[in-house]
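Student: sequence? don't have it. structure:
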């Protein structure tokens, strides 16, 4: 679904590259964590998938297409196939929950009847039934992020990119969000999530790609945030609490 | 759906930037009024040329009792001198240059004078004797005036030969100058309008960067993202152009064809319907300029 072939991205010729000869393949339907310190190249990785930036060398393939060969007028079509979620939610403050999600459909020309049909469905998927008329400032952070996720997936993209989606949320709320992302992944959407949140990574046991200074230093299936440290003590307690939250969140959605 | 969406975006953009939009409307209004005024002056010049050039003549003024010119030393023109001049006008050497001529007697001249200055008190102080009789000549080619002048000015009984075209030329030159001045002012104002539109669109794009950012991410096309901004500028400019056209129409309707045409009965003024020909030009000019300048601004300030 996403393939990086020897991709290097240099922003400043005098500094080290943001991505350095990265080779990576993410299959359809996979859930991948992208971990690493700030400045390790996670955001650059996501920007290259969206064709927000051009790779300095190497090729990026999204859904079998080399993004470098997509003419600028076709870029919107590429982006329709990719949903994006951010740490800061990026909701429109003067629109209510329904309108925020509907906005993503309106701007690509979906008909009113399809919007009226689809938006409540998606809001149900992210666990926001009955909150259509709320304004963003009336929602908790976790709920706002759910709105953002609903907006990202309402056009049924094949790929969902999440750039530290839980960065502003407490651990329990974060687990709820992860439950939503996991559910979306189980519906067949490829999810790539950049994160610092070790608890979440450890909890989910998904594929982990670790970047350090623009280089892939680790690529493990069903891995932990850091490969060596076992889950003990305080982390263990947190993990149990999050398990309960995940169960609760999934219970709500089902 | 998409149309309704774009219209909604335009509406919210215009509301949010109301003061800037009003200033764009006013600046385009003023600048296009000047453009239109220059256009109207040119139309007026053409109208007057068309009207007068058919009518203006070379006039050979004959001596009267009060003439001071050297050719008139012998006093008022005699019957023989007058017949002689008429014969010369009929001779083949002169005839090839003129289409026809009339003789205007002192009585005719007095009558025309009274008509022309009917509003002026000068009529009362002029008598028939003070006005010269004249031959009024219609030229085949008005440029050949010099030949007539050379042939006739030294003839006995001729006071002077005058080309009325020259008087008109001076008026037209003055009007041309005025229309050039209007164009220069219009140019400066249009420059202001373009800068203002640029700034307005930039502000508008900035105040809606959240929306446009999301639109890009969910894959809205360039048209859907940019069109509301461009149309915002175009609508403001077109409103200004419509105001300018309306103003010019009012000027033509109530000033040119009202007050002025009552004062200058012999002058053909352009009608207000003719002014409406300028309106589409102004609207296209305003809309086009706004469209191009907003498009260029968006290229720089709104990444798609």
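Tutor: Good, I have the coordinates. What you see is a predicted model; the values in this text were computed from it and never measured. Numbers count the residues shown, from 1 in each chain, chains lettered A, B, ... in the order given.
Student: May I have the secondary structure class of residue B:173?
Tutor: For residue B:173, the reduced secondary structure class is helix; criterion used: DSSP: H, G, I helix; E, B strand; the rest coil.
Student: Name all residues that make contact with it.
Tutor: Residue B:173 sits next to no residue when contact means Cβ atoms under 8 Å, 6 or more residues apart in numbering or on different chains. Placement of C-beta: from N, CA and C, glycine included.
Student: now the strands: where do they sit in the stretch 51-200 of chain A?
Tutor: If you assign secondary structure with DSSP state E, counting those that start in this stretch, the strands in the stretch 51-200 of chain A sit at A:57-62, A:65-66, A:82-86, A:159-163, A:190-195.
Student: could you dump these to CSV with mean neighbour count and distance to residue B:39?
Tutor: What follows is those, written out as CSV (neighbours: other Cβ atoms under 10 Å in any protein chain shown; distance: least, Cβ to Cβ, whole Å):
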stretch, mean neighbour count, distance to residue B:39
strand A:57-62, 18, 55
strand A:65-66, 14, 54
strand A:82-86, 25, 52
strand A:159-163, 23, 56
strand A:190-195, 24, 61
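Student: can you redo those strands as CSV with distance to chain B?
Tutor: As requested, the strands of the stretch 51-200 of chain A are arranged in CSV below (distance: least, Cβ to the nearest Cβ, whole Å):
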stretch, distance to chain B
strand A:57-62, 13
strand A:65-66, 14
strand A:82-86, 5
strand A:159-163, 10
strand A:190-195, 15
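Student: May I see those organised as a markdown table, with distance to residue A:223 and mean pLDDT added?
Tutor: What follows is the strands of the stretch 51-200 of chain A, written out as a markdown table (distance: least, Cβ to Cβ, whole Å; pLDDT from 0 to 100):
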| stretch | distance to residue A:223 | mean pLDDT |
| --- | --- | --- |
| strand A:57-62 | 24 | 94 |
| strand A:65-66 | 29 | 92 |
| strand A:82-86 | 22 | 94 |
| strand A:159-163 | 18 | 95 |
| strand A:190-195 | 13 | 95 |
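Student: a markdown table for those strands, including distance to residue B:293?
Tutor: Supplementary listing: the strands of the stretch 51-200 of chain A in a markdown table, determined by distance: least, Cβ to Cβ, whole Å:
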| stretch | distance to residue B:293 |
| --- | --- |
| strand A:57-62 | 36 |
| strand A:65-66 | 36 |
| strand A:82-86 | 32 |
| strand A:159-163 | 36 |
| strand A:190-195 | 40 |
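Student: List just the one of the ones you listed that sits closest to residue A:76.
Tutor: Shortest distance between residue A:76 and these, using Cβ to Cβ, is found for strand A:82-86: 10.9 Å.
Student: coming back round to it: for residue B:175, which of the strands of the stretch 51-200 of chain A is the nearest?
Tutor: Relative to residue B:175, the nearest member of those by Cβ to Cβ is strand A:82-86, separated by 63.5 Å.
Student: Output the contacting helices and strands for the closest one.
Tutor: Using 3 or more Cβ pairs under 8 Å, 6 or more residues apart in numbering or on different chains; DSSP states H and E as the contact criterion, the neighbours of strand A:82-86 among helices and strands are helix A:141-153, strand A:159-163.
Student: Out of those, which one sits most buried?
Tutor: Relative to the other members of the helices and strands packed on strand A:82-86, helix A:141-153 carries the highest mean neighbour count by mean count of other Cβ atoms under 10 Å in any protein chain shown, namely a mean of 25.
Student: and that helix with strand A:190-195, angle?
Tutor: For helix A:141-153 against strand A:190-195, the angle between stretch directions is 140 degrees (axes from the mean of the first three to the mean of the last three Cα atoms, to 10 degrees).
Student: In chain B, what residue comes closest to chain A?
Tutor: With distances taken as Cβ to the nearest Cβ, chain B approaches chain A most closely at residue B:219, which sits 3.3 Å away.
Student: Please compute how far the worst-scoring helix or strand of chain B on mean pLDDT lies from its chain's middle.
Tutor: For chain B, the helix or strand with the lowest mean confidence is helix B:261-263, at a mean of 76 (criterion: mean pLDDT, DSSP states H and E). The chain centroid and the centroid of helix B:261-263 are separated by 17 Å, computed with Cα atoms, centre = their mean, to the nearest Å.
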